[in-house]
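Undergrad: Got a predicted model here, sequence first, then my questions.
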Amino acid sequence: MESGEATTDWRLAAGVWPVEGIAYGAPAADAAHVYTLVRPDGRRFQVSEPLYRLAELLEQRLPLATVAVRLSERLGRSLEPSDVASLIERKLVPWGVVAPR
């Protein structure tokens, strides 16, 4: 990336799937959602809801600009494609759960 411009479109890597669930052992009133990305080798990464929602969008193989608009809508705050690209590169790329589209 140069000048803060997002130049790569990303997708969820082959065989990676997002899993949403409820934390076990918590009383029903206090049950917390757990968001996990699971790689084909069984390795699991518990992620925040915003990262999970990002992974869901990447699963759809959308252009980065579209991902930024839809993620902004879901989170209720404005994100630029360069913001989303930075998040992907800092958080998801090191875990091996995304690949260039």
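TA: Cool, the structure landed.

Undergrad: buried residues in stretch 38-58?
TA: Residues 39, 45, 47, 50-58 are the ones in stretch 38-58 that count as buried (16 or more other CB atoms under 10 Å). Yep, even glycine has a C-beta here, placed from its N, CA and C like the rest.

Undergrad: Greatest separation within those: which pair is it?
TA: The largest separation in the buried residues of stretch 38-58, counting by CB to CB, is between 39 and 50 at 19.8 Å.

Undergrad: Does residue 99 touch residue 9 like I think?
TA: No. Applying CB atoms under 8 Å, one finds residue 99 not in contact with residue 9, separated by 10.4 Å.

Undergrad: The two: which has the busier surroundings?
TA: Legend: neighbour count by other CB atoms under 10 Å for residue 99 and residue 9, higher for residue 9 (18 against 14).

Undergrad: The more buried one contacts residue 88, correct?
TA: No. Judged on CB under 8 Å, residue 9 makes no contact with residue 88 at a distance of 10.0 Å.

Undergrad: distance between the lowest-mean-pLDDT helix or strand in the chain and the chain's centre?
TA: Within the chain, no helix or strand scores below strand 17-22, which has a mean of 90 by mean pLDDT, DSSP states H and E. How far strand 17-22 lies from its chain's middle: 12 Å, per CA atoms, centre = their mean, to the nearest Å.

Undergrad: Can you name the element that comes right after it?
TA: Remark: after strand 17-22, the chain's next helix or strand is strand 33-38, criterion DSSP states H and E.

Undergrad: What pairs with that next one, parallel or antiparallel?
TA: Each strand paired with strand 33-38, and its direction, by DSSP bridges: strand 17-22 (antiparallel), strand 44-47 (antiparallel).

Undergrad: Let's have the ones you listed in JSON lines, adding distance to residue 32.
TA: Conversion of the strands paired with strand 33-38 to JSON lines gives the following (distance: least, CB to CB, whole Å):
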{"stretch": "strand 17-22", "distance to residue 32": "7"}
{"stretch": "strand 44-47", "distance to residue 32": "11"}
